[in-house]
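Asker: here's my sequence, what's the structure:
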Amino acid sequence: MTAPPLRISIVIVCLNGAKRLAWPLESLRRCDPPPHEIIVADNGSTDGTANFVRENYPEVQVVRADRNLGFAGGNNLGIEAATGDVILLLNDDTEPEPDWLAPLAEAFDAHPRLGIAGCRLLYPDRTTVQHLGGVVHDNGLTDHVAWGDEARAQEAGGIVPVPYATGAALAIRRAVIEEVGLLDAGFWPIYFEEIDYCDRARRAGWEIAVVPRSTVIHHESQSTGRLSPGFLAKYHRNRMRYLLKNRDRRGLLRAARGEARWWLRHRPWDNLWPCLKAYGYTAVHCPGIWRDRRRDWSGQKG
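Answerer: As a prediction, the model looks like this:
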């Protein structure tokens, strides 16, 4: 007997993104096959996001928070409303290609232990790779695989195992959510929640991979200039939280040595103040982070 096709639910978390939502929602109308359902998680918007979706996209379900729950918390709101076999988290500044869902469904069907699958993200020029999986260095700094490479139309089929896939377009098998729980909303407001989640799934025996034939255009800045202090503050604070939650004793020692090498070799002085604040914040909140670590490592749902 042939198994029924996988039902893929799309969750788009949005904070004051009414002007951006047409990108993914118009693209999803052109998808073949279509998703099982589309859910917009309105994360406390004040720009009329919920009304915009209801008036222009009546086929889309809206769930609304009365305040900003952060990226993880907003996605959790949508995940809890989703009914699909696979829940695909999608940023509100993306444009999926019309045929992007079929390769994902095929990958989940062909690999029963594939728990989390990412997509190939391209910049708006549609010829430059932004993300084909991510790597995490000893001290928690991250890099995107194939960043800046020329996109190749002949990308091979199948899956490519990776340490993590970005939350901009992240498909999660329902069985993973049932086993390890929701995203950790402690990574507030954004960054490292998907990396933490991939680690949690891997510890539970699930595989993490990218499906290169599933392509999404991501309207993220290509600028390689100095990153804003606001970005650096959030990034480094959650980097410290990630390390403390997911590294064993030896891993934490490697992280400390890696952090020292980073400062000595690269001297990233624009990161100094954000890092100092992140170190201090982590020291103050260490007991709570350690409690969350014990919860996740003991297999309790977060």
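Asker: what about the stretch 1-150 of the chain, any weak spots by pLDDT?
Answerer: 1-4 (pLDDT under 70).
Asker: so where do the helices sit in it?
Answerer: Under the criterion DSSP state H, counting those that start in this stretch, the stretch 1-150 of the chain carries helices at the ranges 22-29, 49-56, 70-81, 101-110.
Asker: who touches Arg74 in this structure?
Answerer: To be clear, residue 74 is Gly; Arg isn't right here. Each residue near Gly74 by Cβ atoms under 8 Å, 6 or more residues apart in numbering is listed here: 13-15, 41, 43, 65, 68. Glycine gets a C-beta too; all of them are placed from N, C-alpha and C.
Asker: ok so, going back, can you redo the helices of the stretch 1-150 of the chain as CSV with distance to Val135?
Answerer: What follows is the helices of the stretch 1-150 of the chain, written out as CSV (distance: least, Cβ to Cβ, whole Å):
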stretch, distance to Val135
helix 22-29, 27
helix 49-56, 34
helix 70-81, 21
helix 101-110, 20
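Asker: quick one: which of those is nearest Arg213?
Answerer: helix 101-110 (3.9 Å; Cβ to Cβ).
Asker: can I get the closest one in PDB, CA atoms only?
Answerer: In PDB, the C-alpha atoms belonging to helix 101-110 read as follows (Å, rounded to 0.1, in the frame of the first residue of the first chain):
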ATOM      1  CA  LEU A 101       8.400  21.500  -1.600                       C
ATOM      2  CA  ALA A 102       8.700  18.300  -3.700                       C
ATOM      3  CA  PRO A 103      12.400  17.800  -3.000                       C
ATOM      4  CA  LEU A 104      11.800  18.300   0.700                       C
ATOM      5  CA  ALA A 105       9.000  15.800   0.800                       C
ATOM      6  CA  GLU A 106      11.100  13.300  -1.200                       C
ATOM      7  CA  ALA A 107      14.000  13.700   1.200                       C
ATOM      8  CA  PHE A 108      11.800  13.100   4.300                       C
ATOM      9  CA  ASP A 109      10.200  10.000   2.600                       C
ATOM     10  CA  ALA A 110      13.600   8.600   1.500                       C
END
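Asker: counting by contacts, list what that helix packs against.
Answerer: Applying 3 or more Cβ pairs under 8 Å, 6 or more residues apart in numbering; DSSP states H and E, we find helix 101-110 packed against strand 8-14, strand 86-90, strand 114-122, strand 169-173, strand 207-218.
Asker: contacting residues around Leu141?
Answerer: Taking Cβ under 8 Å, 6+ apart, we find Leu141 in contact with 239, 262.
Asker: what of the one 10 residues further on?
Answerer: Each residue near Ala151 by Cβ under 8 Å, 6+ apart is listed here: 120, 122, 126-129, 215.
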